[in-house]
Each structure stands twice: as C-alpha cells, then as structure tokens.
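Student: requesting a structural model of the entry that follows:
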Amino acid sequence: MSIHADVADEGIIMVEKNELHTKYATPRRLSQVLKDLLGDSAEFQVEMRHNVYNIKSSKPLDVVRPALSKQ
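Tutor: Numbering: from 1, shown residues only. Predicted coordinates:
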C-alpha cells in the first residue's frame, strides 16, 4: 500500500488511498467502521465506483477488511 498526498475539495489533506470491494460492507457499515478505526480527528471520503469503495483518509488505514469481518 502506498501513501499519497491529495487535497480534498474542503482543503483537507488526504494522505492515504485504499480500495475495498463492496461485498465486504454496506455503505452505512463502512462509514461506522471507518469512524471507529480512524477516530474523531480523522477525515475521510468514500466514493463508490462500480463494485469498489475508493477510500481517502487523513490517517493511515490498513485494517479495513479484518475490522469488517469481525462483526
């Protein structure tokens, strides 16, 4: 996984880009897991393209699949 710097529309610097197949989570579930994993101070954006979530976050994120599969 590589780290990328990107500036979101709101001026927030997004440092991490990840992809997750939609079969692992509903949009609502993914949002809740990201909030739990990243904490209140992190910002993230999720865009769905076909059957993949494209996730940009202001903090490193590398444990989405394990966290989703636990519950």
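
Student: quick check: Tyr53 vs Gln45, distance?
Tutor: Distance check for Tyr53 against Gln45: by CB to CB, to the nearest Å, it reads 10 Å. The way it works is simple: take the backbone N, C-alpha and C, and place the C-beta from them, glycine included.

Student: can you map out the strands along the protein?
Tutor: Ranges of strands in the chain, per DSSP state E, are 3-7, 13-21, 44-49, 52-57.

Student: which of the residues in the last one are buried?
Tutor: I take that to be strand 52-57. Neighbour-count burial for strand 52-57 flags Tyr53, Ile55, Lys56, Ser57 (criterion: 16 or more other CB atoms under 10 Å).

Student: any idea what the last one is bridged to?
Tutor: It stands for Ser57. Glu16, Phe44 (DSSP bridges).

Student: residue contacts, it?
Tutor: By CB atoms under 8 Å, 6 or more residues apart in numbering, Ser57 lies in contact with Met14, Val15, Glu16, Asn18, Leu34, Leu38, Ala42, Glu43, Phe44, Gln45.

Student: of those, grab the buried ones for ChimeraX.
Tutor: Here is the ChimeraX command that selects the buried residues among the contacts of Ser57 (16+ other CB under 10 Å):
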select :14,16,18,34,38,42,44,45
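
Student: is it possible to get JSON lines of the contacts of Ser57 that adds pLDDT and distance to Leu61?
Tutor: Output for those, formatted as JSON lines (pLDDT from 0 to 100; distance: CB to CB, whole Å):
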{"residue": "Met14", "pLDDT": "69", "distance to Leu61": "11"}
{"residue": "Val15", "pLDDT": "77", "distance to Leu61": "10"}
{"residue": "Glu16", "pLDDT": "82", "distance to Leu61": "5"}
{"residue": "Asn18", "pLDDT": "88", "distance to Leu61": "6"}
{"residue": "Leu34", "pLDDT": "89", "distance to Leu61": "8"}
{"residue": "Leu38", "pLDDT": "86", "distance to Leu61": "7"}
{"residue": "Ala42", "pLDDT": "81", "distance to Leu61": "9"}
{"residue": "Glu43", "pLDDT": "87", "distance to Leu61": "12"}
{"residue": "Phe44", "pLDDT": "89", "distance to Leu61": "8"}
{"residue": "Gln45", "pLDDT": "90", "distance to Leu61": "12"}
